[in-house]
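> what's the 3D shape of this:
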Amino acid sequence: TPLTTSIPATIGLKCKLLNARSLVNKIPEFLLLLNMAKFDIIFVCETWLNTSLPDSITTVRDYHVYRSDREIRRGGGVAIFYKKSLHLKNIQVTQELALPETIVCELSLNITFRFLLCYRAPDYDIEHVNKLNSLLTWATSSPHTFIFLGDFNLPHINWTLNECNLLQCCNK
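Model (predicted):
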């Protein structure tokens with residue numbers, strides 16, 4: 001489900017999270033969205049991009065892009081499109097914390113935001129959940145405002161009670 005949010009009006013940042021299920025097949029619609037809505041940052045899950053597709057396929061006037069493509073099979077992948085006027089810094093994490101299809105970045109305005117965008121495939125195992133937990137622990141240790149977003153494929157979350165058992169979300 002697409003989510004549009006505005007960070008407090010004093011910041012004036014317009015952001016959107018969407019699940020593309022193949023961005024390549026929707027480039028004209030995506031360009032229209034960027035031109036019409038004037039988002040500052042768009043976080044995209046399930047780009048279905050891969051390393052054989054050059055950055056030029058996702059080049060959008062007035063925007064830079066960070067990508068984390070799936071390397072082995074079709075599907076997945078994440079990307080962050082952000083206005084060239086913003087200084088969004090890609091944060092490299094250590095090998096122990098690195099996850100596929102994940103991007104960590106920071107944006108400093110009058111406050112600093114740390115964003116973590118993640119796509120978790122439904123078939124990822126408990127090891128992935130443990131690494132994601134470690135990455136979250138690291139990311140939230142920063143004094144900055146933290147925003148965690150993506151497609152986590154966690155159907156066992158009880159949204160009414162805001163609780164879940166993460167072990168239920170793994171198939172191994």
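> return the distance of stretch 109-124 from the chain's centre.
In terms of C-alpha atoms, centre = their mean, to the nearest Å, the centre of stretch 109-124 is set 5 Å apart from its chain centre.
> which positions in that stretch come out as buried?
For stretch 109-124, a neighbour-count test (16 or more other C-beta atoms under 10 Å) marks 113, 114, 115, 116, 117, 118, 119, 120, 121, 124 as buried. Every C-beta, even on glycine, is put in place using the N, C-alpha and C of the backbone.
> now, which of those residues lie within strands?
113, 114, 115, 116, 117, 118, 119 (DSSP state E).
> and those residues, which is closest to residue 43?
residue 117 (4.9 Å; C-beta to C-beta).
> what's the burial count for residue 136?
15 (other C-beta atoms under 10 Å).
> report pLDDT for the spatially closest residue to residue 63 that is not a sequence neighbour.
Leaving aside its chain neighbours, residue 63 sits nearest to residue 81 (4.7 Å; criterion: C-beta to C-beta, 6 or more residues apart in numbering). Residue 81 carries a pLDDT score of 95 in this model.
> again, but for residue 172
pLDDT, read off for residue 172, is 47.
> again, but for residue 161
On pLDDT, residue 161 comes in at 77.
> so it belongs to a helix, correct?
No - counting by DSSP: H, G, I helix; E, B strand; the rest coil, residue 161 is not found in a helix; it is coil.
> quick one: the helices in this protein?
Counting by DSSP state H, the chain has helices at residues 27-37, 126-140.
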